[in-house]
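Trainee: just coords:
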């Protein structure tokens with residue numbers, strides 16, 4: 001079991017910045033990827049950015065150049081810095097922890113989710 005504690009979010013005008021933080025607990029997984037997803041009303045949850053233990057990073061095309069994800073393995077924290085925010089970035093943002101292990105030489109994974117934090121960008 002992995003606990004996730006999110007902080008940050010809020011209301012900002014277009015062009016502004018916000019920072020989201022996700023603190024995750026100890027786990028028995030030897031490998032993990034932590035990231036942020038978002039879900040706007042009437043839309044499916046979508047990937048925003050992820051970062052692996054070895055700092056391999058993935059961004060959605062819609063946030064490249066504007067958002068930066070980083071992690072501190074010692075502090076067990078992942079930060080999402082969001083700049084040049086647009087109204088279309090408005091959504092509930094969820095922290096995701098994906099624990100990975102290998103069974104019979106095949107990768108397996110288990111996902112844990114935070115409670116979500118609202119980000120609202122006004123035009």
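Mentor: Right, received. Where do you want to start? Since we're looking at a predicted model, the values are computed, not measured.

Trainee: which element is residue 22 on?
Mentor: strand 18-24 (DSSP states H and E).

Trainee: in that strand, what's buried?
Mentor: Within strand 18-24, the residues scored as buried using 16 or more other Cβ atoms under 10 Å are 18, 20, 21, 22, 23, 24. (C-beta placed from N, C-alpha, C; glycine too.)

Trainee: quick check: bridge partners of the fifth one?
Mentor: Beta bridges link residue 23 to residue 5, residue 77 when assigned by DSSP bridges.

Trainee: separation between it and residue 63?
Mentor: Distance of residue 23 to residue 63, computed by Cβ to Cβ, to the nearest Å: 22 Å.

Trainee: and the first one, by the same measure?
Mentor: When Cβ to Cβ is applied, the distance between residue 18 and residue 63 equals 12 Å.

Trainee: what touches both of those two?
Mentor: Common neighbours of residue 18 and residue 63 are listed as residue 82 (criterion: Cβ atoms under 8 Å, 6 or more residues apart in numbering).

Trainee: need the contact list for residue 76.
Mentor: 23, 24, 25, 26.

Trainee: which pair in the residues you listed spans the largest distance?
Mentor: Across the contacts of residue 76, the longest distance by Cβ to Cβ is 11.3 Å; it joins 23 and 26.

Trainee: in the protein, which spans are strands?
Mentor: 4-8, 10-13, 18-24, 31-39, 46-52, 57-59, 67-72, 77-82, 91-103, 106-113, 117-122 (DSSP state E).

Trainee: so residue 12 bridges to which residues?
Mentor: When bridges are called by DSSP bridges, residue 12 pairs up with residue 121.

Trainee: for residue 50, same thing?
Mentor: residue 35, residue 58.

Trainee: can you put the contacts of residue 76 in JSON lines and add pLDDT and distance to residue 110?
Mentor: Listed next are these as JSON lines, based on pLDDT from 0 to 100; distance: Cβ to Cβ, whole Å:
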{"residue": "23", "pLDDT": "97", "distance to residue 110": "19"}
{"residue": "24", "pLDDT": "95", "distance to residue 110": "13"}
{"residue": "25", "pLDDT": "92", "distance to residue 110": "14"}
{"residue": "26", "pLDDT": "85", "distance to residue 110": "15"}
